[in-house]
Every structure is written in structure tokens, then in C-alpha cells.
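**Q** Need coordinates for the below:
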Amino acid sequence: MQFNSLEFLFFCVIFFALWPWLCVGNNRRWAFLTVASFVFYGWWDWRFVLLLVGNGLIDFYAADAIVRWPAAKKFWLMLSLVGNLGSLAVFKYLNFLTVNANHLLSFFGAETQVPLTNLLLPVGISFYTFQSMSYTIDVYRGDLKPTHNVLHFFAYLALFPQLVAGPIVRAADLLPQLMSAPPVTEEMRWRGTQLIAVGLFKKMVIADSVALAANRAFGSSELDGGCLFWWLATAAFAVQIYCDFSGYSDIARGLANWMGYEFCVNFDHPYSASSLREFWSRWHISLSTWFRDYVYIPLGGSRQGALRSHVNMWVTMIISGIWHGANWTFVAWGAFHALFLSVERLTCFPERLMKIPGGRVLATLVTLMLVLVSWVFFRAENITQAMGIITTMFHLSTFRWRDIELLNTRAVVFTVLFLLAELLSPLRLKLPTRIVLPIRLQPAWIALVLVSCVYFRGPGGAFIYFQF
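**A** Take a look at the predicted model:
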């Protein structure tokens with residue numbers, strides 16, 4: 001059930017019509033949230049719900065056992081990790097591992113081939129697996145007391161606004177909120193409305209429009225574009241994935257506000273970052289902090305010397321790449337970021353650049369360039385295509401203005417304007433006063449945004465991160 005579909009509109013009408021009546025009393029509220037979320041998730045395929053319930057029950061009982069039998073808590077933690085990572089490996093990575101195993105067998109002359117499976121990838125499995133797994137880890141560490149009510153747990157794990165594409169909400173943040181049905185103030189309802197409207201605009205108008213250029217470029221083997229063509233096509237994908245994903249996060253946060261709850265901010269103008277380290281503090285914040293807290297720091301972080309900190313960071317970034325997809329392009333994407341994060345640490349080039357006049361602008365442009373190059377690996381079908389595109393991007397002799405004609409004009413305009421707005425966003429901090437639209441004009445602004453979603457929307461498509 002997509003946020004930008006009529007089915008979801010009807011779902012929301014029914015849900016929020018019943019919410020004031022069914023949110024009274026913990027068990028009734030948790031049961032309503034759980035059932036509604038299962039309906040939302042099962043709309044794609046009812047079998048997905050069985051996997052969600054199975055993974056959830058493993059973590060619910062493992063966390064309870066950790067408290068009841070602390071002497072065996074490592075066993076219960078391992079049970080949780082094996083259950084979560086095992087299901088993720090089977091549904092998301094089994095075919096990838098099988099294909100690579102067959103390549104190795106062929107390389108060594110073996111005639112036997114391992115048959116491929118045809119398992120359907122459950123929507124959002126990576127998100128709810130990480131969210132469920134972090135619950136058990138926090139209980140194991142003693143940072144969280146487990147809930148003893150299974151409905152309370154599933155109301156947290158399966159809560160429909162953020163279930164399939166984040167933000168990844170920690171149990172320590174959401175479980176206490178679910179202990180009550182806080183009154184939804186007019187301020188929260190209005191803030192939620194604005195978030196939903198802006199999120200729909202990002203997805204339906206911007207992301208779906210620029211996707212025309214990105215999909216045509218990366219999906220065709222016949223386009224003979226030069227340097228300018230591929231920079232623009234890659235920039236179009238950069239805008240597409242940002243507006244698509246941050247748009248989803250905005251809608252999720254808005255829906256949570258309508259229920260009286262708060263989700264964390266997941267994006268903060270990442271393309272205005274002046275270093276890759278800053279980029280990762282602004283991009284998909286809930287995931288980057290998850291990897292920091294559950295992978296990088298447990299590996300030792302930066303506590304065991306400079307060399308070990310680089311190794312830990314490389315491991316974390318490569319795992320992050322693998323989390324995004326079962327393809328060597330995602331491994332290369334993670335390794336690319338790890339490489340230049342190491343370069344930043346060793347050379348301190350962003351800090352050095354900022355000491356000269358105009359240095360911050362230059363550092364921001366260099367960072368944006370690196371991020372765009374990394375997106376080539378993320379979007380390309382394979383490593384060969386990615387390397388060919390990157391080679392062309394830096395082959396200045398292939399620069400041709402007429403290459404713009406190969407791309408959708410509307411997509412190019414949206415791409416350029418959006419990236420300019422992102423690059424200029426830090427300048428707003430220097431304004432003497434914050435410009436706020438008068439209250440009486442805000443409903444008209446929201447109405448204009450929603451009308452734009454209807455009349456200026458691009459071709460509809462699923463949210464990008466549903467595949468993760």
C-alpha cells in the first residue's frame with residue numbers, strides 16, 4: 001500500500017476515524033495499531049506478515065529470556081541475531097550468494113551448478129529487521145527494559161508509517177510514547193499536515209519527474225551520452241533518491257504527529273555538506289546512527305588507534321553497502337565512501353579548505369562531486385556500467401551541449417533548481433530574522449502544494465527504498 005495511492009487514502013480515512021475511539025486503554029490501542037499495521041503491510045502480500053510476526057516473536061521472547069536468565073543472555077542474543085540475519089540472508093542475499101558460488105565453481109572447472117531460488121523479497125525487510133534486532137541488543141546491553149506485552153511490542157515494531165522505509169525508530173524512543181495516547185494538539189496536527197504535504201510534493205512532483213531522466217539514462221544501453229549527459233543524469237538520480245526517500249520520511253513523521261507521536265528527523269540538507277563525514281550526519285540519519293551504535297562502536301570505534309579506526313570504518317561502510325542491496329555495485333558504493341572518508345581523516349582537506357577565502361563553498365562542491373560519483377555505483381546495473389559512466393564523466397573531451405537534448409527537459413530543470421536550493425540552504429542561517437509565512441496564508445500554501453501534487457505530478461512509481 002503506497003503512501004501516494006488511493007488505497008492508502010481510504011486506509012487513512014478509516015484509521016483516523018476510528019483512532020479517537022480505539023486509542024483508549026493500552027491493550028485496545030496496541031491491538032488496533034498492530035492489526036491496522038498488519039493490514040497495511042499485508043496489502044502487498046499476506047505472506048509478508050507471517051515473516052514479520054516470526055522475526056518479531058523471536059526478538060520479543062529472546063529479550064524476555066535475557067532478563068529472566070541473564071547467565072545465558074549471550075545465547076539468547078545469538079538466537080536473535082541468527083533469526084534476524086538468517087531471514088535477511090535467505091530472502092535478500094541467497095540468489096546473490098548462489099550466483100557468485102556458481103561463478104567460483106565454473107572458474108575451478110566444476111560442472112555442478114547450484115540452482116537459483118525464486119523467493120519474493122518482502123517489502124522493507126531490511127528496515128524492520130534492524131529495528132527488531134536493535135530492541136534485543138539494547139535489552140542485552142541493559143540500556144532498555146523489555147516490554148512483557150506482545151501487543152505493545154508489535155505496535156512498536158509494525159507501526160505502519162515507518163514500517164517499510166523508515167526512519168528506523170529505536171525502541172527506547174517509541175515504546176514509552178506508545179504507553180499512552182497523548183492528546184493530538186492543533187500544533188501537532190498542523191505540523192503533521194505540512195510534513196505530509198511536503199513529503200507528497202517531494203515524491204510525486206520532484207522525484208517522479210526527475211526519475212524520467214535517471215531511469216532513461218541508466219536503463220538504456222543505446223544512449224551515447226558524453227561528460228555533461230552523465231553528470232546531469234547522475235545529478236537527476238541524486239535528486240530522485242533524496243526527494244523520494246526524504247519525502248517518505250516526511251510523510252511518516254506527519255502521520256505519527258496525527259497520532260500524537262514523534263519520529264526522529266531523517267534528513268537535514270545532506271547535499272549542502274562540506275565533507276563526507278558531515279554528509280553522513282545529514283543523510284538517512286536513523287540508519288547512519290544505527291550503524292554507528294551497533295556496528296562501528298562495538299567493533300572498537302576509534303578507541304584502538306588510528307589504523308584500527310580506519311578498518312572499523314571500512315567494515316561499517318561496506319556492511320552498509322551490502323545492507324542496501326545484493327549486488328557488487330552496493331559493495332563498491334560502500335567502499336567508495338570508506339575510501340574518501342579515510343582520505344578526509346588522513347589529509348583533513350575539508351578543514352584545510354575552509355581556512356582559505358571561499359573554502360567552504362569549494363569543500364561543499366568537492367563533497368557534492370564525490371557524492372554524485374558514488375551514486376553511479378548505487379544506481380548502475382553492474383560494475384562494468386558504473387566504471388564506464390564514471391570514465392565518461394571525467395573525459396572532458398566528450399562534453400557536448402547537445403547532450404541535454406537526450407534528457408527530459410523538465411527533469412533537468414528540476415534537478416538543477418533543487419541542487420542549487422540545497423547548496424544555498426546554509427545561507428539561510430545568516431539571515432537576521434527567520435521568514436515565516438503568516439498563519440492565515442499557511443492553509444492556502446498547503447492547498448497549493450497538494451494541488452501541485454495532482455496536476456504537476458510525474459509518472460507514478462514505488463518509493464525507491466521499498467526494495468531494501
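
**Q** Every contact and neighbour count from this point should use C-alpha atoms.
**A** Fine.

**Q** All the helices of the stretch 151-300 of the chain, in order from the start?
**A** 171-177, 186-201, 208-219, 227-259, 276-282, 285-291, 297-299 (DSSP state H, counting those that start in this stretch).

**Q** Just name the most buried of those.
**A** Counting by mean count of other Cα atoms under 10 Å, helix 227-259 has the highest mean neighbour count of those, with a mean of 25.

**Q** What is that helix packed up against?
**A** helix 186-201, helix 208-219, helix 359-379, helix 383-393, helix 409-424 (3 or more Cα pairs under 8 Å, 6 or more residues apart in numbering; DSSP states H and E).

**Q** Out of the helices of the stretch 151-300 of the chain, which is closest to residue 15?
**A** For residue 15, the closest of the helices of the stretch 151-300 of the chain is helix 227-259, at 10.2 Å, according to Cα to Cα.

**Q** Return the angle between stretch directions for the closest one and helix 359-379.
**A** 90 degrees (axes from the mean of the first three to the mean of the last three Cα atoms, to 10 degrees).

**Q** now helix 227-259, how far from the centre of its chain.
**A** 10 Å (Cα atoms, centre = their mean, to the nearest Å).

**Q** Same question for stretch 40-47.
**A** 21 Å.

**Q** So what touches it?
**A** Stretch 40-47 is contacted from outside by 1, 11, 48, 49, 123, 160, 163, using Cα atoms under 8 Å, 6 or more residues apart in numbering.

**Q** Let me know the closest of those to residue 246.
**A** Using Cα to Cα, these come closest to residue 246 at residue 163, 14.7 Å.

**Q** can you count the residues close to that closest one?
**A** Other residues within reach of residue 163 by the criterion other Cα atoms under 10 Å amount to 23.

**Q** Name the nearest residue to it, ignoring sequence neighbours.
**A** residue 128 (6.3 Å; Cα to Cα, 6 or more residues apart in numbering).

**Q** which ones are touching that neighbour?
**A** 52, 157, 158, 163, 164, 168.

**Q** got a markdown table for the contacts of stretch 40-47, with pLDDT and distance to residue 452 too?
**A** As requested, the contacts of stretch 40-47 are exported to a markdown table (pLDDT from 0 to 100; distance: Cα to Cα, whole Å):
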| residue | pLDDT | distance to residue 452 |
| --- | --- | --- |
| 1 | 78 | 22 |
| 11 | 95 | 23 |
| 48 | 90 | 34 |
| 49 | 93 | 35 |
| 123 | 86 | 29 |
| 160 | 93 | 26 |
| 163 | 89 | 27 |
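
**Q** Kindly indicate which of those lies nearest residue 108.
**A** The closest of the contacts of stretch 40-47, once distances to residue 108 are taken by Cα to Cα, is residue 123, at 36.5 Å.

**Q** ok, now how distant is the closest one from residue 48?
**A** Distance from residue 123 to residue 48, counting by Cα to Cα, to the nearest Å: 8 Å.

**Q** And for residue 302, the neighbour number?
**A** As a burial measure, residue 302 scores 16 neighbours (other Cα under 10 Å).

**Q** ok, residue 129 - contacts?
**A** Counting by Cα under 8 Å, 6+ apart, residue 129 has contacts 55, 84, 85, 88.

**Q** Where does it sit, in terms of helix or strand?
**A** If you go by DSSP states H and E, residue 129 is part of helix 125-141.

**Q** Tell me the buried residues in that helix?
**A** Neighbour-count burial for helix 125-141 flags 125-140 (criterion: 16 or more other Cα atoms under 10 Å).

**Q** for stretch 380-397, same thing?
**A** 380, 383, 385, 386, 389, 390, 392, 393.

**Q** again with stretch 367-384
**A** For stretch 367-384, using 16+ other Cα under 10 Å, the buried residues are 367-368, 370-380, 383.

**Q** With stretch 328-340 instead?
**A** 328, 329, 330, 331, 332, 333, 334, 335, 336, 337, 338, 340.

**Q** I'd like the distance from that stretch to the chain centre, please.
**A** Using Cα atoms, centre = their mean, the offset of stretch 328-340 from its chain centre is 17 Å.

**Q** could you dump it to PDB, C-alpha only?
**A** In PDB, the C-alpha atoms belonging to stretch 328-340 read as follows (Å, rounded to 0.1, in the frame of the first residue of the first chain):
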ATOM      1  CA  TRP A 328      28.600  -5.800  -6.100                       C
ATOM      2  CA  THR A 329      27.700  -2.200  -7.100                       C
ATOM      3  CA  PHE A 330      26.500  -1.600  -3.500                       C
ATOM      4  CA  VAL A 331      29.700  -3.100  -2.100                       C
ATOM      5  CA  ALA A 332      31.600  -0.700  -4.300                       C
ATOM      6  CA  TRP A 333      29.400   2.200  -3.200                       C
ATOM      7  CA  GLY A 334      30.200   1.500   0.400                       C
ATOM      8  CA  ALA A 335      33.900   1.000  -0.300                       C
ATOM      9  CA  PHE A 336      34.000   4.300  -2.300                       C
ATOM     10  CA  HIS A 337      32.600   6.200   0.700                       C
ATOM     11  CA  ALA A 338      35.000   4.400   3.100                       C
ATOM     12  CA  LEU A 339      38.000   5.400   0.800                       C
ATOM     13  CA  PHE A 340      37.200   9.100   0.800                       C
END
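
**Q** Give me the distance between the nearest residue to residue 301 once chain neighbours are set aside and residue 125.
**A** Nearest residue to residue 301, sequence neighbours excluded (Cα to Cα, 6+ apart): residue 309, at 5.6 Å. Using Cα to Cα, we find residue 309 at a distance of 30 Å from residue 125.

**Q** Let me see the confidence value for residue 407.
**A** With respect to pLDDT, residue 407 scores 84.

**Q** swap that for residue 354, sorry
**A** pLDDT, read off for residue 354, is 84.
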